[in-house]
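A.B. asks: sequence unknown, structure follows:
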């Protein structure tokens, strides 16, 4: 990007439910950053309404998600594209293609790992050679998992002097779903792509599966965690987040900055209180039934009308009162342990997702000279593409991020 471009960031999909929240975040939080930004999408009337609701002037750019020429024109004007227009497997290809060819950095909130696998196959080599950062998974999936693991591993290496052998993440959260997230999940199941998600190394570079599939199975049943001394259950986002963390681990190993020998990562839901065991079993059963409904057209047709539709989501009250807490426990081969915590107020799928996504874009747009390995490019992850720079911005934006040695509870 040797030539100045009109915009630091273009927010594509700005009239959608999540897109409107990114617009509000930019309008309310940029302060004196002197960031030049614009909103973009396919519907001029809806974008004009979004603009009318703002207290700041902003340009509007128009292009359909399949309009390659129009998307090329948008990508050529921006340093960074922030994309919220999903399902990404249906609407994201042409925009990523434009970003790679115009050397425009890109961030989104997809959890569609099969689609990202296709991006890796098509674009990683070119983007890596040219220093373009294509960074999916910049929402609740998978910033806490991926960034949290990276920070914890580096803390153990730098502060405790040990390599990390395993990390386990334990989530607690309250909030709601929006229609766009459910539409992406539906498309995954109905397109047949969901079968690919069973591969625990789906996103890894070829050959980087040294610790084996047998050492990285997805949790399937509730259990009592003896270290945490709490009941835990499989986390429904685990099949996304674990693949992202393993890609980070493999990329760092390629770059001679490995996490540790035969490193493993898993994540869970954590339950407290006198009914914790029943809650863990109930959550596991509910997740299984919902997945079954997604895979059965007759069941999904009955359920779909009762769920948020694309363009809709939780109330402002639910989003404001929601929260999440991600506790990470790392362990070295010699038994030393460390603890990480990432915690944020606000519905994880909306308020936290929007904060993570917008701050990721601003890392690329306003602090490029602080990015890890400034020549790095490719289809990356939050940890490999943004690293501690994102953690610093999130702390300043009110997210709690803590790291410390850990002693198991007695």
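C.D. replies: Structure received. All values reported here derive from a predicted model rather than from experimental measurement. Numbers count the residues shown, from 1 in each chain.
A.B. asks: quick one: list the elements packing against the helix or strand harbouring residue 389.
C.D. replies: Secondary structure from DSSP states H and E places residue 389 in helix 387-396. Applying 3 or more C-beta pairs under 8 Å, 6 or more residues apart in numbering; DSSP states H and E, we find helix 387-396 packed against helix 143-155, helix 353-366, strand 400-405. Where you see a C-beta, it was placed from the backbone N, CA and C, and this is true even at glycine.
A.B. asks: looking at the ones you listed, which is nearest to residue 19?
C.D. replies: For the helices and strands packed on helix 387-396, the distance to residue 19 is smallest for helix 353-366, at 9.4 Å, taking C-beta to C-beta.
A.B. asks: following that closest one, which helix or strand comes up?
C.D. replies: With DSSP H and E, the next secondary element past helix 353-366 is strand 378-379.
A.B. asks: what's the average pLDDT for the next helix or strand after that following strand?
C.D. replies: Per DSSP H and E, the first helix or strand lying C-terminal to strand 378-379 is helix 382-385. Helix 382-385 carries an average pLDDT of 98.
A.B. asks: stretch 21-34 now?
C.D. replies: Rounded mean pLDDT across stretch 21-34 is 86.
A.B. asks: coming back round to it: now the helices and strands packed on helix 387-396 in JSON lines, with distance to residue 275 and mean neighbour count?
C.D. replies: Compiled in JSON lines, the helices and strands packed on helix 387-396 are given as follows (distance: least, C-beta to C-beta, whole Å; neighbours: other C-beta atoms under 10 Å):
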{"stretch": "helix 143-155", "distance to residue 275": "25", "mean neighbour count": "27"}
{"stretch": "helix 353-366", "distance to residue 275": "29", "mean neighbour count": "26"}
{"stretch": "strand 400-405", "distance to residue 275": "27", "mean neighbour count": "14"}
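A.B. asks: including mean pLDDT and distance to residue 224, could these go into JSON lines?
C.D. replies: Formatted as JSON lines, the helices and strands packed on helix 387-396 follow (pLDDT from 0 to 100; distance: least, C-beta to C-beta, whole Å):
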{"stretch": "helix 143-155", "mean pLDDT": "98", "distance to residue 224": "22"}
{"stretch": "helix 353-366", "mean pLDDT": "97", "distance to residue 224": "31"}
{"stretch": "strand 400-405", "mean pLDDT": "98", "distance to residue 224": "24"}
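A.B. asks: turn these into JSON lines, including distance to residue 248.
C.D. replies: Output for the helices and strands packed on helix 387-396, formatted as JSON lines (distance: least, C-beta to C-beta, whole Å):
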{"stretch": "helix 143-155", "distance to residue 248": "6"}
{"stretch": "helix 353-366", "distance to residue 248": "14"}
{"stretch": "strand 400-405", "distance to residue 248": "17"}
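A.B. asks: ok so, going back, how far does the helix holding residue 389 sit from its chain's centre?
C.D. replies: 15 Å (C-alpha atoms, centre = their mean, to the nearest Å).
A.B. asks: hmm, back to that, residue 39: which of the helices and strands packed on helix 387-396 is closest?
C.D. replies: Ranking these by distance to residue 39, with C-beta to C-beta as the measure, places helix 353-366 first at 12.9 Å.
A.B. asks: the closest one - contacts with which helices or strands?
C.D. replies: Other helices and strands packing on helix 353-366, by 3+ C-beta pairs under 8 Å, 6+ apart, are strand 7-12, helix 17-29, strand 78-83, strand 105-108, strand 133-135, helix 387-396.
A.B. asks: counting by contacts, list what the second one packs against.
C.D. replies: In terms of contacts (3+ C-beta pairs under 8 Å, 6+ apart), helix 17-29 is packed against strand 7-12, strand 37-41, helix 44-52, helix 179-191, helix 353-366.
A.B. asks: what's the longest one in contact with?
C.D. replies: The reference is to helix 353-366. 8-9, 18, 21-22, 25-26, 29, 33, 35, 79-80, 82, 84, 105, 107-109, 133, 135, 138-140, 143, 344, 346, 370-371, 382, 386, 389-390, 393-394, 397-399 (C-beta atoms under 8 Å, 6 or more residues apart in numbering).
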